[in-house]
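Chemist: The amino acid sequence is not available; the structure is as follows:
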């Protein structure tokens, strides 16, 4: 039994300093659970000033050069919490190459380079833990990967981005525009100055790709996930959805196994008030899993923040330390990645669902007849229509709202395209998926 | 590396046969994740007829004598899924004594004999996994024990009993009496012919004791948990709570760390519609955890059924098998039990909360004045009063409903006792906790 596990921590940002704090504060309890001592051998940050946040009683070596950490033969576990692509990717790859185990919270590199990273990890018989990458402190990765391993998971859906959920909650409650809600989120520290990664859906795509890759033992590629952000969402639709149809708009990430094909999307969806996601508000996150044996379950919690992420990073360090201490780390891979498994991606035009449609037309008789006849031609069956006079800020035209029955998305899009060419239509129509 | 892990399965009831099914059906995937093969060496049930459910291609030895299983030197892991106290307890103890690891779903023996079981397990350096004992297929025990180990958990609260939640949901939706709802649950197969273990709260007590014992590294004893079941609940209060105050009645189990004392109770509580528990309905279960680093999180899912429980049992078998295969099982205990940790139990009269009160009084002037003056004397401050004429099946007297501000439970009980001695009071008053 190894007496001390040596850890190199790279990144002293919002997560790194909390990792250090939790490890120092709870040391005796954590060491008892690991069955061995641990030693924070290095703390690294490219900014010397960040290193001043290290408590005085922490005996770690301070460095601004990450290579010193990953090249030091005594380090067992490298903790990468700097985020972004570079040098995070190099840190992970070099660490594995140097036969170190890795803990990371980096969803961008994991989702993009899953294949490369896990192939190397497999070859070097080293482990990577990444609980903080999805739902932060909520142990959904461990659950999916271990606690539910006896179930065949048929679908994963979730609210994975706290910034978007905060913005959508604001828009719903206060009836404000996207841009106003975004500014508010930025003021509250819940959106970055450059918010694109969140609001355009990429962050949700990364998280969905990670959970899907674990579940279906293959690299589910982010660029194969259908993606729409919330940045083009109109407050009108949020308002109509809630007031006329009792639905709320949520940015969902969904992966669904359909007869060997994987249906994957990230997009604003309408969920009915009876759906548990309708009650996941503000910056909270949630994920719902369906499995043949385990049934349906949901996890919910804080999706962001230094401490929740650090909580996940520290438990990863503990898992790894236990295995390092007993000398078995790497004998069995954490993630069951098989290069031979290839994913069949479903084309978005083959998605089948109910949809919300908003047409904006001139206020003349016969408009509805024209629209519905085109929909009928494309076999889009209407479940409900709602029409009333000029509304709020709709300066020209009247809104015509529809809920469809279950239908192929391709058919709806074809119909929409044809409808949008009509002279009676004064602006582009809106399409949103309805999630039941 | 051990080539095959040998498993002895005891109990072929609703869980056991599903365990066998999942293990046979997913064998290749499970073996890949374990990094070793497994061998179901024995299947045991006291009824010979139950053994006939074993699929023909399963080569396990069949026996009606559990001693053969636990005494067989080749067995690594004993899976006890017979439930009840005896011989389940003997099976667990004998297995540990014979240096076998154990998987069990048995909340009754774990909660009562935690100290004895984990002391023996520690002494013999053997492991016990018990994921199925709480929230069935939802991996809350692994999460609490490992995924959240870097957080200090300050409270655990949950809806742990599917039968009670089903009955309460029925009473709320349909306005029916407890007895009618219970009969309905029995018809639906969601309540036992003898439902006492569920409806009197004991099952919830067992589960709360297990989660608390894990969290605070000590034996939290079931008989020290304040317990009220749902069997005396009146539909009147369920109705008033919902219609007059926008609250729902749920049987909650709660453990809260209060300055070194543990507040523990199982009782019907009023939760506001804004609380996530208000939306956990039918036979579903949920648990909410608060931790200093991880923040607040909630897990929700099926709390019962053969497959969800079997899913948890099989993942426990997988964890254990991984450790058995690499030769480290038992080097580090799964549960951090320390005999030196003693729990300080808070007395129920020291609980502090808001409360719902229902008095039933004669319909005369001055009644409210008398009641409120006694409440005032005991420093029970009233947040809201609701009074109207004779109602539904209240044959005598008029109901007077109150919500209190936060107050010591002892004071409310003292006041109630004094009020119930008044001649104007025609039946015993009702007290329920309000959970915010």
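Modeler: Nice, I can see it. All figures in this text were calculated on a predicted structure; none of them were measured in a lab. Numbers count the residues shown, from 1 in each chain, chains lettered A, B, ... in the order given.

Chemist: Which strand or helix spans residue A:102?
Modeler: strand A:101-104 (DSSP states H and E).

Chemist: okay, now the residue of the stretch 151-300 of chain A found nearest chain B: neighbour count?
Modeler: Closest residue of the stretch 151-300 of chain A to chain B, Cβ to the nearest Cβ: residue A:297 (3.2 Å). Where C-beta positions appear, they are placed from N, C-alpha and C, glycine not excepted. By other Cβ atoms under 10 Å in any protein chain shown, the residues close to residue A:297 number 28.

Chemist: Under a three-state scheme, what state does residue A:120 occupy?
Modeler: Applying DSSP: H, G, I helix; E, B strand; the rest coil to residue A:120 yields a three-state assignment of helix.

Chemist: actually residue A:287, not the one I wrote
Modeler: strand.

Chemist: And the closest residue in space to residue A:98 that isn't next to it in sequence, how close does it get to chain B?
Modeler: Nearest residue to residue A:98, sequence neighbours excluded (Cβ to Cβ, 6 or more residues apart in numbering or on different chains): residue A:70, at 5.7 Å. Going from residue A:70 to chain B by Cβ to the nearest Cβ, to the nearest Å gives 24 Å.

Chemist: tell me which element residue A:70 falls in.
Modeler: helix A:66-71.

Chemist: who touches the helix or strand just after that helix?
Modeler: Downstream of helix A:66-71, the first helix or strand assigned by DSSP H and E is strand A:77-80. The contact list for strand A:77-80 (Cβ atoms under 8 Å, 6 or more residues apart in numbering or on different chains) reads A:5-11, A:16, A:19, A:69-70, A:88, A:91-92, A:95, A:100-106, A:313, A:317, A:320-321, A:324.

Chemist: now the helix or strand of chain A with the lowest mean pLDDT, how far from the centre of its chain.
Modeler: Least confident helix or strand, chain A: strand A:382-387 with a mean of 88, by mean pLDDT, DSSP states H and E. Relative to the centre of its chain, strand A:382-387 is centred 33 Å away, using Cα atoms, centre = their mean, to the nearest Å.

Chemist: Pull out the buried positions in the helix holding residue A:70.
Modeler: By neighbour count with 16 or more other Cβ atoms under 10 Å in any protein chain shown, helix A:66-71 contains the buried residues A:66, A:69, A:70.

Chemist: what's the answer for stretch A:141-154, then?
Modeler: Under the neighbour-count criterion of 16+ other Cβ under 10 Å, stretch A:141-154 has A:141-153 buried.

Chemist: what's the first-to-last distance across it?
Modeler: Distance across stretch A:141-154, first residue to last, is 16 Å (Cα to Cα, to the nearest Å).

Chemist: Backbone dihedrals for residue A:159, please?
Modeler: phi -100, psi 100 (degrees, to the nearest 10).

Chemist: ok, now which ones touch it?
Modeler: Taking Cβ under 8 Å, 6+ apart as the test, what residue A:159 contacts is A:165, A:250, A:251, A:252, A:253, A:277, A:280, A:284, A:285, A:286, A:287, A:303.

Chemist: swap in residue A:434?
Modeler: Taking Cβ under 8 Å, 6+ apart, we find residue A:434 in contact with A:247, A:269, A:270, A:271, A:353, A:354, A:355, A:356, A:403.

Chemist: for residue A:427, same thing?
Modeler: Contact analysis of residue A:427 by Cβ under 8 Å, 6+ apart lists A:360, A:396, A:397.

Chemist: from memory the last one sits against residue A:367, does it?
Modeler: This means residue A:397. No. Using Cβ atoms under 8 Å, residue A:397 and residue A:367 do not qualify as a contacting pair, with a distance of 9.6 Å.

Chemist: list residues touching both of those two?
Modeler: Common neighbours of residue A:397 and residue A:367 (Cβ under 8 Å, 6+ apart) are residue A:361.

Chemist: so can I have a markdown table of the contacts of residue A:434 showing pLDDT?
Modeler: Conversion of the contacts of residue A:434 to a markdown table gives the following (pLDDT from 0 to 100):
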| residue | pLDDT |
| --- | --- |
| A:247 | 95 |
| A:269 | 98 |
| A:270 | 98 |
| A:271 | 97 |
| A:353 | 97 |
| A:354 | 97 |
| A:355 | 97 |
| A:356 | 97 |
| A:403 | 94 |
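
Chemist: Give me the helices and strands touching the helix or strand where residue A:167 lies, please.
Modeler: Using DSSP H and E, residue A:167 sits in helix A:162-174. The contact analysis (3 or more Cβ pairs under 8 Å, 6 or more residues apart in numbering or on different chains; DSSP states H and E) places helix A:162-174 against helix A:178-187, helix A:196-199, helix A:235-245, strand A:247-258, strand A:284-291.

Chemist: and for the least confident helix or strand of chain A, what are the contacting residues?
Modeler: Here strand A:382-387 has contacts from A:240, A:244-245, A:354, A:368, A:372, A:375, A:398-405, using Cβ under 8 Å, 6+ apart.
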